[in-house]
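*Asks:* next come a sequence and a model predicted from it.
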Amino acid sequence: MSEQQAGEQSGEVLRRHLRILEALLFASDVPLRPSDLAPYLGEGVDIPGLLLRLQEVYAERGVNLVRRGEGWAFRTAEDLGFLLRREEHETRPLSRAALETLSIIAYHQPATRAEIEEVRGVATGKGTLDLLMEAGWVRMRGRRRTPGRPVTYGTTDAFLDHFGLERLSDLPGLDELKGAGLLSGRLPADMQIPLPLDGALRDDEDPLDPADLGDLEPEDEET
Amino acid sequence: MSEQQAGEQSGEVLRRHLRILEALLFASDVPLRPSDLAPYLGEGVDIPGLLLRLQEVYAERGVNLVRRGEGWAFRTAEDLGFLLRREEHETRPLSRAALETLSIIAYHQPATRAEIEEVRGVATGKGTLDLLMEAGWVRMRGRRRTPGRPVTYGTTDAFLDHFGLERLSDLPGLDELKGAGLLSGRLPADMQIPLPLDGALRDDEDPLDPADLGDLEPEDEET
Amino acid sequence: MTHDRHPDRQPMTQAETNWFDPPAPPAVEDVLRVDVGGYEGPLDLLLDLARRQKVDLSGISILALAEQYLSFIDKVRVRRIEVAADYLVMAAWLAYLKSRLMVPQAAGDDEPSGEMLAAMLQFRLKRLEAMRTAANRLMNRPRLGFQIYPRGAPEPMEIARHSIWEASLYDLLKAYSSQRERGIATDYAPLLRTVWSLQDARDILQRLIGESQEWISLDAYLVDYLATPGERATIRASSFASSLELVRQGQIDIRQTETFGPLFMRRRRSESSE
């Protein structure tokens, strides 16, 4: 047998081995270790070598052969990962609870959750506040200097932007609300609508603790 | 820009397009149609051409790009089946009645229940058709434009996928059966051989009524 | 005849007959069908009988087939009287076919010839056989999940849904205003009015008027009670209504000298004392 023939034969064998590895790795639902692959290839085959070779073949492709611990698996090329993520935007009306909470925060800021609940007369779920913060309209301002140090909430610039307000003091006052027919005439004389506080912290507010900010963004690294 | 540059650029674009198709098709375990892929490639891209090109790239590999009706999918190479054959048995082997019904629908489609029964010489229980539809191999196509407007049945792309067929004309022995006049409803003397018809409705078929579809997919919105 | 057209005539013995599982027990919807030796229908039985002739379906003797079927059905009927209608209809039809095949067709006979009927039956048997072979070939193909595999670990499409919230300033203000008003409503305590019931008023009137037979105005009687402005209306109304009732019962007299003038009352004198 000439050397060339031997080379061709081993080329043929190599091709066959690579095909088998390809099929096995493709069809498996978990990464496969060389020891998982060995039974399909016969004895004395250099499986780690074949895997590296196959990895090379796929290096530039849309799908790569990657190592996961002891196992190997096909995975979408990292730079194409965006293909598998799709963003969908849908417009949804804000729920009544969210709308009410938002309006109380707007007028009464800085407002603690207890204060919001006092005005609403019902408990405010954490989900509602989270939603408003996610929407970018509400932020945690600081902590009230009272027992328990509750978080104070306020609105954001995005809130002003969305509702077409230049500043918080543009929010209509008592007389304007009455004039617009939003408040009826039969109101107690002592009813007041607060003037929302803009800007820096109030005297009775402390800055947020560093840990508070972590609540906003769930940490990826932690398990 | 020199011609060579243009050529290189289009080579780069082609490579990118092929990588994207590769990633999308690898990621999915069900066949994807060109219309599924189009949103990822921008307008005016010749997706069928790219798919054929990709098919060629993978023709000799352990994993092949195969066509299944309108869809395309990566599948392990047919010739490696003996290696990959798993010991698992079908959880529920198809009954003889289901098998016969399936092949009659496949070869005679669009076929009504009466036609299936005519070939089998025995009544077909509703359970058999339901089972085939549940398996995703058979679908209601439309209604025959004859008295009673019977539902016509046909096969699905999942049927092609399961049995490794590119298209209905690849059904084994189709030409032979056609030649022998065995796909006709009548004696071959007045030969007029219908072929299994894929895709759009035939002249004598009407679309399904909206109510027909309700049977298959319970509607969420309705109470 | 159809067999002339058949491309390659193969002995029946080569046909694939490895069915995948024994015929399933009759399903619920098939209860009407009586199990005849495990056959699914007359055609099924005929096909099996034809196979036993060990020749191509094109070459089978329809006459022999009909005879075998009829004798089989006869045998079954001895054991089981309730052989299904399908089998009996086929038996009758085959008996007719047999007679057509054996008796030469008379001129002017409009009925289909025995040969035509036989060809029709042969065609149906071949078609059923072909469908069974086709099913077999389908099942012997490299099938997905048996010899061919899809991606074992598909990477699912992640869809990140972002909500864009819709709310107008008007919605916001309306939500705020209605809440504040709702807050007021919870503070509102309805005034508890003193209400004189008719019975109370009557008792009080009876007591005040006593045995007095002087005309005295109602307000004078009630002067102690009318001090509180909020209660005047109810006291007057109840007392007046009660007084009318007392008049009706003949216990008191009422007199009013001018419109909107004071009401005077006194105890009515008993008839006897007058």
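*Replies:* Cool, got the structure. Numbers count the residues shown, from 1 in each chain, chains lettered A, B, ... in the order given.

*Asks:* mind listing what residue A:94 touches?
*Replies:* A:102, A:135, C:165, C:166, C:167, C:171 (C-beta atoms under 8 Å, 6 or more residues apart in numbering or on different chains). Any C-beta I mention is one placed from the backbone N, CA and C, and that applies to glycine too.

*Asks:* distance of it from residue C:171?
*Replies:* With distances defined as C-beta to C-beta, to the nearest Å, the gap from residue A:94 to residue C:171 amounts to 7 Å.

*Asks:* where does chain A have low pLDDT?
*Replies:* With pLDDT under 70 as the threshold, chain A has low-confidence stretches at A:1-9, A:185-186, A:212-223.

*Asks:* where along it do the strands fall?
*Replies:* Taking DSSP state E as the criterion, chain A carries its strands at A:63-68, A:71-76, A:85-93, A:111-112, A:138-144, A:151-155, A:205-206.

*Asks:* try chain C
*Replies:* With strands called from DSSP E, chain C shows them at C:158-166, C:216-217, C:252-256, C:263-267.

*Asks:* the helices in chain A, which residues?
*Replies:* In chain A, the segments counted as helices under DSSP state H are A:3-27, A:34-37, A:47-58, A:96-108, A:113-120, A:126-134, A:157-162, A:174-179, A:210-216.

*Asks:* buried residues in the first one?
*Replies:* Put plainly, it is helix A:3-27. A:17, A:18, A:19, A:20, A:21, A:22, A:23, A:24, A:25, A:26, A:27 (16 or more other C-beta atoms under 10 Å in any protein chain shown).

*Asks:* go on, the fourth one?
*Replies:* Neighbour counts using 16+ other C-beta under 10 Å place A:97, A:98, A:99, A:100, A:101, A:102, A:103, A:104, A:105, A:106, A:107, A:108 of helix A:96-108 among the buried residues.

*Asks:* with stretch C:117-137 instead?
*Replies:* Taking 16+ other C-beta under 10 Å as the neighbour-count basis, stretch C:117-137 is seen to contain the buried residues C:117-136.

*Asks:* residue C:111 contacts residue C:103, doesn't it?
*Replies:* No. With contact defined as C-beta atoms under 8 Å, residue C:111 does not reach residue C:103; the gap is 11.1 Å.

*Asks:* in chain C, which segments are predicted with low confidence?
*Replies:* Going by pLDDT under 70, which is the cut-off in play, chain C has low-confidence ranges at C:1-37, C:80-81, C:183-193, C:270-274.

*Asks:* what does it put close to chain A?
*Replies:* Proximity of chain C to chain A is confined to C:149-153, C:155-169, C:171-184, C:186-187 under the rule C-beta under 8 Å from any C-beta of the partner chain.

*Asks:* let's see it at 6 Å
*Replies:* Within chain C, the positions lying close to chain A (C-beta under 6 Å from any C-beta of the partner chain) are C:149, C:152-153, C:155, C:157-167, C:169, C:171-177, C:179.

*Asks:* can you list the domains in chain C?
*Replies:* Partitioning chain C according to the TED database yields domains covering residues C:42-104+C:113-139, C:198-267.

*Asks:* just name the most buried of those.
*Replies:* Each of the domains of chain C was given a mean neighbour count from mean count of other C-beta atoms under 10 Å in any protein chain shown, and the largest, a mean of 18, is that of domain C:42-104+C:113-139.

*Asks:* can you give me the end-to-end distance of it?
*Replies:* End-to-end distance for domain C:42-104+C:113-139, by C-alpha to C-alpha, to the nearest Å: 25 Å.

*Asks:* and stretch C:144-158, by the same measure?
*Replies:* 26 Å.

*Asks:* buried stuff in that stretch?
*Replies:* Neighbour-count burial for stretch C:144-158 flags C:144, C:146, C:147, C:148, C:149, C:150, C:151, C:152, C:153, C:155 (criterion: 16+ other C-beta under 10 Å).

*Asks:* without its sequence neighbours, what residue ends up closest to the fifth one?
*Replies:* Residue nearest to residue C:149 in three dimensions, not counting chain neighbours: residue A:27, with 3.6 Å by C-beta to C-beta, 6 or more residues apart in numbering or on different chains.
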